[in-house]
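Trainee: Okay, predicted coordinates and the sequence, questions at the end:
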Amino acid sequence: MEAITRYVDSVKKGDHLVMLYDDPKLARSIEFHYVKNGIAKGELCQYIIAKDDVESSESITRQMEEDGIKTSAHLKAGRLEFRKIGDPSKDSRGFQHGASKILEQLVEGVKSPIRMVLHVKYEFRTEDEISAHAEFERNIHHAFSNNFPGSMLCNHFVGNSRMELHRGWTRSMLDPHDCVFFVSSSRNTLSML
């Protein structure tokens, strides 16, 4: 955990990180460290949640408060924001189109400096969705290489079996990210790739 928090402390503009996890509580502690670090550096921190996620801005706010983040003060001061995004697999034109719309929403009107937590828990049901999601991550990385004014921590719940079922997808996460964390309490694993 110490190596990951040290790395999070050194995050800079343009960094695109991903955390693959099976323990939401452990994942939240890393997300919140990333947020606290950004607020301390004067960055706007946006927490992005899928509209139909099991988490909500209220539940994340409660968890942040328990972790010592004074959310109401940061929300009022404009240092912390919550945004909702749709599930790209529910887009009538397909997953790829839905993912492109999300990327446009994420970069539209972005204030500098910014730190984003992209908390996404949708499931990939088909090979096309897995492939389209890998393309989505490459597009995000391309947007970052074109002077995105901040950093992003993408999170993906992998559970116990999905890592084996989606091995190719997992490997595809290595290319478009500057750093990949794998966090697992069930496998007693905490690693940085």
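Mentor: Nice, I can see it. Numbers count the residues shown, from 1 in each chain.

Trainee: any idea how far the residue nearest the centre of the chain lies from residue 22?
Mentor: For the chain, residue 154 is the residue whose C-alpha lies nearest the centre (C-alpha atoms, centre = their mean; 2.2 Å). Separation of residue 154 from residue 22 (C-beta to C-beta, to the nearest Å) stands at 16 Å. Using the backbone N, CA and C atoms, a C-beta is placed for each residue, glycine as well.

Trainee: repeat for residue 60
Mentor: Distance from residue 60 to residue 22, by C-beta to C-beta: 19 Å.

Trainee: Where does pLDDT dip in this protein?
Mentor: 120-126, 129-130, 133, 141-147, 159-178, 186-193 (pLDDT under 70).

Trainee: residue ranges of the helices in it, please?
Mentor: 2-9, 24-40, 57-66, 71-76, 95-107, 127-145, 162-165, 167-172 (DSSP state H).

Trainee: could I get these as a markdown table with mean neighbour count and distance to residue 84?
Mentor: As requested, those are exported to a markdown table (neighbours: other C-beta atoms under 10 Å; distance: least, C-beta to C-beta, whole Å):
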| stretch | mean neighbour count | distance to residue 84 |
| --- | --- | --- |
| helix 2-9 | 14 | 24 |
| helix 24-40 | 19 | 17 |
| helix 57-66 | 15 | 8 |
| helix 71-76 | 14 | 15 |
| helix 95-107 | 18 | 10 |
| helix 127-145 | 18 | 17 |
| helix 162-165 | 14 | 24 |
| helix 167-172 | 15 | 24 |
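
Trainee: right, and these - which one's nearest residue 185?
Mentor: Of all the helices of the chain, helix 24-40 sits nearest to residue 185, with 5.7 Å by C-beta to C-beta.
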